[in-house]
Each structure stands twice: as C-alpha cells, then as structure tokens.
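Enquirer: Fold the following, please.
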Amino acid sequence: MAKIDLIRNIGIAAHIDAGKTTITERILFATGQTHKLGEVHEGTAVMDWMEQEQERGITITSAATTCNWRQQTITIIDTPGHVDFTAEVERSLRVLDGMVAVFCAVGGVEPQSETVWRQANRYHVPRVVFINKMDRLGSDFAGVLEQLRHKLGAHPVPIQLPLGSGADFQGVIDLLAEKALYWDDDQELAFREAEIPQVMQAEVEAARQKIWEAAAEGDDELLELFLEGEPLPGDRVAAVLRRQTIAGQVVPVLCGSGLKNKGIQPLLNAVVDFLPSPAEVPPVVGLQPDTTTEIARAAKNSEPLAALLFKVAMMEGRRLVFLRIYSGTLTAGQEIFNPRLKKKEKVSRLFQMQSYKKNRIEKAVAGDIVAAMGIKYAATGDTICVAGDPIVLPGMEFTVPVISAAIEPQRNSDLDKLWESLAKLVDEDPTFQIKLDEETGQVVISGMGELHLEIIHERLRQEFNLESKLGKPQVLYQETITKEAQSSAEFERIDEEEKTRQFARLTVRVSPRLRNTGNEVVWAGAAGSALSEPFKTAVGEGLYEVLSSGPVQGYPLVDVELCVVAVEGESNDFTKVALKVASANAARQALAAAAPAMLEPIMETEIMVPEENLGDVIGELNSRGGRILEIDSREHFSRITADVPLQRLFGYTTALRSVTKGRGSFAMKSSRYDTIG
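Expert: Predicted structure coming up:
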C-alpha cells in the first residue's frame with residue numbers, strides 16, 4: 001500500500017492509431033511488469049485483452065494496470081481512440097489525476113484527440129504530451145507544437161528535442177538535464193547518454209530559453225534572474241514547471257517512437273516529475289444528499305469514505321465495478337451506501353487490476369483505483385460512501401447514441417436470453433441503449449456508430465454464446481420546433497354511480513429554444529399557484545411524455561420550452577389523471593402547430609488524402625452534402641476537415657479507398673444535430 005504522495009493515477013489517451021497501447025506496453029516492459037513486449041499488430045498486447053481488440057488491433061474498452069517507477073506506484077488507464085468508444089475516455093478522465101496525451105508526429109492534432117483534450121479541460125486534468133512516431137516519414141515535431149497552440153489553445157513547453165526524424169530518428173535531447181539520449185534499434189529499451197551534438201547547440205539554446213521564459217512567468221525569483229540574463233537553476237525550473245503543469249498553465253512536451261522503443265523511460269520520469277499525486281489535486285467537492293449544501297473531502301484515509309463508481313464490466317460472467325477512492329478507506333466485506341438509490345450493499349471482494357487479471361487485496365485507501373465484486377445495483381456515475389456520512393459526487397455526461405439497428409436471435413426461443421444479455425451490456429456501457437419497438441415487435445439497439453453496434457453483435461456470440469442477426473444501421477434523428485404555438489385541451493370523466501367528476505382544462509404554449517439547451521417546463525403567472533406540487537408533478541409528467549415522440553416521425557423532441565399558460569377547472573375536480581392527460585393533449589396539439597422539423601446528426605469528418613487525389617475527394621464529399629471547413633496541405637498529403645450528415649457517410653470508407661487507391665483514411669466525431677437541409 002503506497003503512501004498517497006507516491007501514487008500517480010494517469011490515463012493515456014489520443015486519436016486512434018496514435019500509439020497509446022503500444023506506449024503502454026513499453027511502459028509495462030520498462031517497469032518490469034511484463035517480461036515480453038506486447039504488440040498491437042500481432043494481437044499480443046496485454047492491455048488489449050478482449051478478443052475483438054486482438055482481432056481488430058484497436059482498443060475498445062479502457063483497461064487499468066499498475067506498475068512501479070522510481071518508488072512511485074503508477075496506475076495507468078489505456079483508453080480507446082475510436083470515436084465510437086469515447087464514453088470510455090470520458091469516465092476514465094473523470095477519475096484520473098493526470099494524462100499523457102499522445103499525438104502522431106505525422107497526423108498531429110486529429111479529431112478524437114481534440115475531443116479528448118476538451119474532456120480533459122472539462123475535468124481540469126493536468127497533462128504531459130508525448131509526440132509519437134518520430135521515426136515515420138513526414139514526422140514534424142515543430143508542426144505538432146504549432147497545432148497544439150492553434151487547435152487546442154494549449155501552452156506547450158518542449159522539454160525535449162528530437163535527434164533526427166523519420167528513418168534518421170535516433171533519440172532525444174533532454175533540455176533540463178542537458179544531455180543527449182540515444183536508443184539503438186537492436187537493444188529494445190536500453191539507451192545511452194552522450195554530449196549534445198555541437199551542430200544542435202543553437203537550437204538547444206533557443207529551446208532552453210523558451211523553457212526559462214515559461215518558468216519565469218510562474219516564479220518571481222526566476223523572473224528576476226531571467227530579466228537579468230542569468231542562467232536559471234535546473235532544479236528550480238523543474239519544480240516551477242511541475243507547479244504550472246498541475247495548475248493547467250503549461251504542458252510539458254516529450255517525443256519518441258513507441259514502436260521502436262525510444263523515449264519511454266524519460267516519459268515515465270515526466271509522469272513522476274510533472275503529474276500530481278492524489279494529495280496534490282484539490283479536494284473533491286460533492287453535495288449533501290437531497291440538498292445543495294457542498295461538502296469537500298480531502299484525499300486522506302482519516303476522512304469518511306467517498307468513492308465514485310466509474311465503470312461496470314462483465315468479466316468471466318461476473319459483475320465487476322471500478323472505483324476511484326477519493327477519501328477514506330474501503331475494505332473487503334464492508335457495507336457501503338448508495339445515496340442515489342438510498343440503498344446499502346456489501347463489497348465482497350476487492351482487486352487491483354492488471355489489465356484483465358485480478359490481484360486480490362483486502363483494503364483500498366484514498367487515491368486508489370480498484371475493482372470490486374458484490375455491488376449489484378450501483379451504476380456508472382454513482383457515489384459510494386457510508387450511510388452515516390453520505391455525499392453525492394458529481395457524475396458524468398455521456399453523448400446520446402446517433403445510430404440504431406434491429407437485432408434478433410437466430411432462434412425465437414432465445415429472445416429472453418437476448419434481452420437479458422443486452423441488458424448486461426447496457427449496464428456496462430452508458431452510450432448503448434436497447435428498446436422494444438412496439439409496432440414491429442423488434443428489439444432495437446442504439447449506439448455511437450456502426451463499429452459500436454458490430455462489437456456488441458460480436459460480443460453476444462463470443463461472451464454470451466448467442467447467435468443473432470443484426471439489421472442495417474439506421475440514423476437516430478431528433479425533432480424540434482421552429483416557431484411558437486399555443487393550444488388548449490380538456491379532460492372530463494364523470495362516474496354516474498360514484499357521482500364523481502374528473503375535469504381539467506390546460507393551455508400550453510410551446511417555443512423553440514437555442515440548440516443544445518435542452519427541454520424545459522415553465523409556469524406562467526397564476527398557473528403555477530393554481531396547483532399543489534403533486535398535481536404540478538402530474539402535469540410535468542404529461543408534458544415530458546409528449547416530448548419523447550415528436551409529431552413528424554415520432555423521434556424525441558429537443559430544445560423545446562413548454563409553458564403552462566392557464567389551468568381551468570374546480571380544484572375539487574382536479575385529479576392527477578385529468579391534469580396529465582389534458583396537459584399532454586394540449587402540448588401535442590401545440591407542437592404540431594409549431595412548424596416541427598427533423599434534426600440529423602452532423603459529423604465533423606477529417607480525411608487524410610494524397611495530394612493528387614484532393615480534387616476527387618472534395619468532389620465526393622460535396623456529392624454527400626459535406627461542407628468543407630478547412631484544407632491543410634503538407635508535403636506528402638492533405639488533411640480535409642468537413643461537416644457531413646451521418647446518413648451520407650454510410651459506405652464512405654469503400655468510396656474513399658476507391659478514389660485514393662487505398663491510400664486515404666478518415667475519422668469522424670459527432671459535432672451536433674442540425675435541421676435536414
């Protein structure tokens with residue numbers, strides 16, 4: 001059990017194919033956690049343990065592992081880079097104290113790396129950057145630095161310079177230690193130190209001045225020395241850079257080649273030197289249950305237990321939950337409390353994870369990331385605490401699914417098993433949804449993209465021994481309104497035998513809201529005071545039910561304000577049923593009269609193409625309704641950024657390969673919903 005100031009909880013995140021998993025495998029080898037280098041392209045990576053990951057050579061689910069370096073215990077979460085699995089990155093960043101952001105030296109800042117960077121900004125996660133693949137043709141260290149500034153608004157501070165690039169990449173210059181580090185290709189991770197080459201002295205001096213300038217901005221004494229032209233002491237510069245990194249003011253930048261084993265040990269040193277321990281981040285702040293009273297919990301074992309359940313996984317048929325312990329301690333066999341469910345559960349076992357391997361432990365302390373068995377009801381985003389001192393920690397936000405498909409079992413007798421298996425996958429994945437289409441009787445699954453649904457389909461066969469048929473993917477549209485409208489409706493029911501009357505008449509006005517501001521129910525004037533809270537709740541239920549199915553094609557309505565303008569009738573005649581039905585009918589009529597419109601998901605798409613195919617690719621994009629945002633031309637290729645409706649991107653991979661003779665590639669991320677034009 002490590003002391004809290006000797007713990008580092010970090011994530012490794014980036015765009016797909018930037019080399020995250022390869023770097024993690026090298027870290028495990030360098031720290032002695034593994035004794036053989038795992039390779040993604042060979043399907044032998046320790047962190048890619050799922051069968052689908054090994055087959056496809058991509059990371060699908062975030063995997064946690066622990067290693068040791070310089071007496072520090074480092075918990076690493078290797079996250080997916082594909083946009084379909086962005087929820088894995090979201091929940092990982094929510095519980096991590098630091099991040100290694102990996103960028104390809106050729107591709108630079110790509111779509112998913114932008115998404116990850118914004119997620120890290122939202123959770124105030126300190127970062128170091130590793131520019132990978134410096135051995136590839138077209139690698140551009142300075143170009144990636146400029147993209148970090150321009151595209152991400154970052155303040156990168158290179159603490160290394162590359163020794164060569166492409167096939168000539170040999171190692172790095174450590175600007176803080178003032179030495180050159182060389183890796184020989186046949187020596188795995190072994191490296192040697194040498195003097196900085198004379199030919200690079202001017203470049204090194206300019207880079208060192210930039211480091212001193214950045215450090216001087218964060219320390220008055222260093223600023224005084226810097227203005228006087230004096231050299232700055234290296235240990236003081238490193239200490240100030242650490243403080244600035246933790247505060248999010250600067251981002252130290254390193255480089256190397258994960259595949260060629262170059263730059264891994266300095267990266268580990270940077271994790272220890274610049275990223276915070278759990279004790280160095282601000283105390284976690286939550287709310288007292290059912291109130292707005294804030295509670296702060298410091299990362300101390302002596303504080304009451306506060307933990308966040310950030311991931312659910314089915315492993316070997318058993319439910320495993322992943323917890324970040326923010327304060328207090330948790331022991332195997334301990335009873336815990338879930339304030340959302342107001343329910344107690346018992347932790348039967350605790351584990352420290354090494355990818356898919358579980359090392360059993362008896363106790364977890366503040367700062368730990370562990371897995372637990374026995375917690376049956378708590379879900380992703382729930383707080384785990386003690387009943388005598390409850391707290392509700394901030395949860396997580398997940399993107400809504402954009403694509404759906406019908407799925408059915410090969411045998412009708414397996415329908416119950418299909419539903420049960422899918423429910424377990426929903427428990428794992430907050431961006432995966434299932435529903436029963438009442439009109440067709442089909443089971444419909446929804447997710448973040450075609451790959452997401454394909455993986456679900458494969459998992460049913462591989463993990464649940466269930467053969468199924470997946471239908472053609474369909475885009476999940478939304479609906480909204482484009483103008484204001486108002487309508488009234490009433491409900492009346494008279495029971496002659498009981499001599500009772502149920503009656504309510506409501507007037508509802510609907511108005512469009514700004515995009516992505518959500519739906520809202522408001523009460524105008526005396527309408528709100530005319531009803532008691534239980535009756536107002538019944539009206540709200542009726543209104544929100546109407547929003548689940550729009551007037552155009554039955555898709556959910558978004559960005560709508562529903563205002564209850566008037567409530568008419570005698571209070572003695574009001575019932576929950578009368579109010580709910582009258583409000584729903586009034587809203588339904590108003591929505592139909594408010595010029596409803598369909599919204600479709602728009603994807604920000606980034607296409608990498610050879611220069612000679614640029615015109616053909618632009619023409620293909622235009623034919624699919626794409627809108628070109630930016631074209632960035634380089635020596636060997638062009639990068640096109642465009643907004644394209646998701647519906648028009650089905651089959652685009654094949655079309656792009658055809659136009660570019662297999663040399664083009666593209667990636668996309670969800671941008672927004674917009675009216676169909």
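Enquirer: Run through the residues that contact Asp674.
Expert: 515, 599-600, 602 (C-beta atoms under 8 Å, 6 or more residues apart in numbering). Every C-beta, even on glycine, is put in place using the N, C-alpha and C of the backbone.
Enquirer: Which strand runs longest in this protein?
Expert: strand 596-610 (DSSP state E).
Enquirer: just so I have it, where are all the helices in the stretch 401-550 of the chain?
Expert: Applying DSSP state H, counting those that start in this stretch to the stretch 401-550 of the chain gives helices spanning 415-428, 450-464, 533-547.
Enquirer: would a markdown table of the contacts of Asp674 with neighbour count be doable?
Expert: As requested, those are exported to a markdown table (neighbours: other C-beta atoms under 10 Å):
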| residue | neighbour count |
| --- | --- |
| Arg515 | 13 |
| Leu599 | 22 |
| Glu600 | 21 |
| Ile602 | 20 |
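Enquirer: out of those, which one sits closest to Leu470?
Expert: Distance to Leu470, by C-beta to C-beta, is smallest for Glu600 among the contacts of Asp674, at 22.0 Å.
Enquirer: If I follow the layout properly, that closest one ends up in contact with Tyr673?
Expert: Yes - using C-beta atoms under 8 Å, Glu600 is in contact with Tyr673, at 6.7 Å.
Enquirer: Now for these two: what residues contact both?
Expert: Joint contacts of Glu600 and Tyr673 (C-beta under 8 Å, 6+ apart) are Gln478.
Enquirer: can you list contacts of stretch 662-671?
Expert: 15-16, 83, 86, 110-112, 114-115, 399, 402, 448, 601-610, 613, 617, 643-644, 649, 652-653, 656-657.
Enquirer: cool, and stretch 628-638?
Expert: Residues contacting stretch 628-638 (C-beta under 8 Å, 6+ apart): 137-138, 140, 143, 604, 608-611, 614, 618, 621-622, 639-643.
Enquirer: cool, stretch 143-158 as well?
Expert: 103, 105, 108-109, 114, 117, 129, 131, 141, 175, 207, 210-211, 214, 241, 249-254, 634.
Enquirer: Type out the PyMOL command that picks the buried ones from those.
Expert: Selection of buried members from the contacts of stretch 143-158 for PyMOL, criterion 16 or more other C-beta atoms under 10 Å:
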select buried, resi 103+105+108+109+114+117+129+131+141+175+207+211+214+241+250+251+252+253+254
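Enquirer: for the closest residue to Ile481 other than its chain neighbours, phi and psi?
Expert: Closest residue in space to Ile481, ignoring its immediate chain neighbours: Ala594 at 3.8 Å, by C-beta to C-beta, 6 or more residues apart in numbering. Dihedral pair for Ala594: phi -100, psi 30, per degrees, to the nearest 10.
Enquirer: okay, now Ala594: neighbour count?
Expert: 22 (other C-beta atoms under 10 Å).
Enquirer: these two touch, right, it and Glu479?
Expert: No - applying C-beta under 8 Å as the test, Ala594 and Glu479 come out as separate, 10.7 Å apart.
Enquirer: circling back: can you list which of the contacts of stretch 628-638 are found in helices?
Expert: 143, 614, 618, 621-622 (DSSP state H).
Enquirer: for those residues, which one is nearest Cys385?
Expert: Closest to Cys385 out of those is Gly143 (47.8 Å), distances taken as C-beta to C-beta.
Enquirer: count of residues packed around that closest one?
Expert: 17.
Enquirer: Can you give me the distance of it to Asp632?
Expert: Shown here: Gly143 relative to Asp632, a distance of 10 Å by C-beta to C-beta, to the nearest Å.
Enquirer: swap in Ala247?
Expert: 31 Å.
Enquirer: got it, and Glu620?
Expert: 18 Å.
Enquirer: of the two, who's got more company?
Expert: Glu620 (19 against 14).
Enquirer: tell me the contacts of the more buried one?
Expert: So Glu620 contacts 655-656, 659 (C-beta under 8 Å, 6+ apart).
Enquirer: Find me the pLDDT at it, would you?
Expert: The confidence metric pLDDT takes the value 91 at Glu620.
Enquirer: Could you point out the helix or strand that follows the helix or strand hosting Leu145?
Expert: Element membership for Leu145 (DSSP states H and E) is helix 141-152. Using DSSP H and E, the helix or strand that follows helix 141-152 in sequence is strand 156-158.
Enquirer: how far out from the middle of the chain is that next one?
Expert: Distance, stretch centre to chain centre, for strand 156-158: 25 Å (C-alpha atoms, centre = their mean, to the nearest Å).
Enquirer: swap in stretch 590-610?
Expert: Going by C-alpha atoms, centre = their mean, where stretch 590-610 is centred and where its chain is centred differ by 22 Å.
Enquirer: Tell me what Val609 is bridged to.
Expert: Beta-bridge partners of Val609, counted by DSSP bridges, are Ser638.
Enquirer: Distance of it relative to Phe310?
Expert: 38 Å.
Enquirer: Then Leu93?
Expert: Taken as C-beta to C-beta, the span from Leu93 to Phe310 is 10 Å.
Enquirer: just checking, next helix/strand downstream of the helix or strand encompassing Ala215?
Expert: Using DSSP H and E, Ala215 maps to helix 201-216. Downstream of helix 201-216, the first helix or strand assigned by DSSP H and E is helix 220-227.
Enquirer: Quick one: mean pLDDT for that next one?
Expert: pLDDT averaged over helix 220-227 gives 93.
Enquirer: in that helix, what counts as buried?
Expert: Applying 16+ other C-beta under 10 Å to helix 220-227 flags 222-223, 225-226 as buried.
Enquirer: what's that helix in contact with?
Expert: Under C-beta under 8 Å, 6+ apart, the answer for helix 220-227 is 212-213, 215-217, 231-232, 236-237, 240.
Enquirer: now the residues you listed in JSON lines, with neighbour count, distance to Leu6 and pLDDT?
Expert: Output for the contacts of helix 220-227, formatted as JSON lines (neighbours: other C-beta atoms under 10 Å; distance: C-beta to C-beta, whole Å; pLDDT from 0 to 100):
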{"residue": "Trp212", "neighbour count": "18", "distance to Leu6": "30", "pLDDT": "96"}
{"residue": "Glu213", "neighbour count": "14", "distance to Leu6": "32", "pLDDT": "95"}
{"residue": "Ala215", "neighbour count": "24", "distance to Leu6": "25", "pLDDT": "96"}
{"residue": "Ala216", "neighbour count": "19", "distance to Leu6": "30", "pLDDT": "95"}
{"residue": "Glu217", "neighbour count": "15", "distance to Leu6": "29", "pLDDT": "94"}
{"residue": "Pro231", "neighbour count": "10", "distance to Leu6": "32", "pLDDT": "90"}
{"residue": "Leu232", "neighbour count": "21", "distance to Leu6": "28", "pLDDT": "93"}
{"residue": "Arg236", "neighbour count": "14", "distance to Leu6": "23", "pLDDT": "94"}
{"residue": "Val237", "neighbour count": "23", "distance to Leu6": "23", "pLDDT": "96"}
{"residue": "Val240", "neighbour count": "20", "distance to Leu6": "22", "pLDDT": "97"}
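Enquirer: Tabulate these (a markdown table), appending distance to Lys344.
Expert: Below are those laid out as a markdown table (distance: C-beta to C-beta, whole Å):
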| residue | distance to Lys344 |
| --- | --- |
| Trp212 | 56 |
| Glu213 | 56 |
| Ala215 | 51 |
| Ala216 | 54 |
| Glu217 | 51 |
| Pro231 | 61 |
| Leu232 | 56 |
| Arg236 | 51 |
| Val237 | 51 |
| Val240 | 47 |
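Enquirer: Show me where the stretch 51-200 of the chain has its helices.
Expert: Counting by DSSP H, counting those that start in this stretch, the helices of the stretch 51-200 of the chain are 51-56, 86-95, 111-122, 141-152.
Enquirer: Check the ones you listed for me: which has the lowest mean pLDDT.
Expert: helix 51-56 has the lowest average pLDDT among those, namely a mean of 56.
Enquirer: Quickly list what the closest residue to Val522 other than its chain neighbours is bridged to.
Expert: In space, and not counting its chain neighbours, Val522 is closest to Cys563: 4.9 Å by C-beta to C-beta, 6+ apart. Listed by DSSP bridges, the beta-bridge partners for Cys563 are Arg509, Val522.
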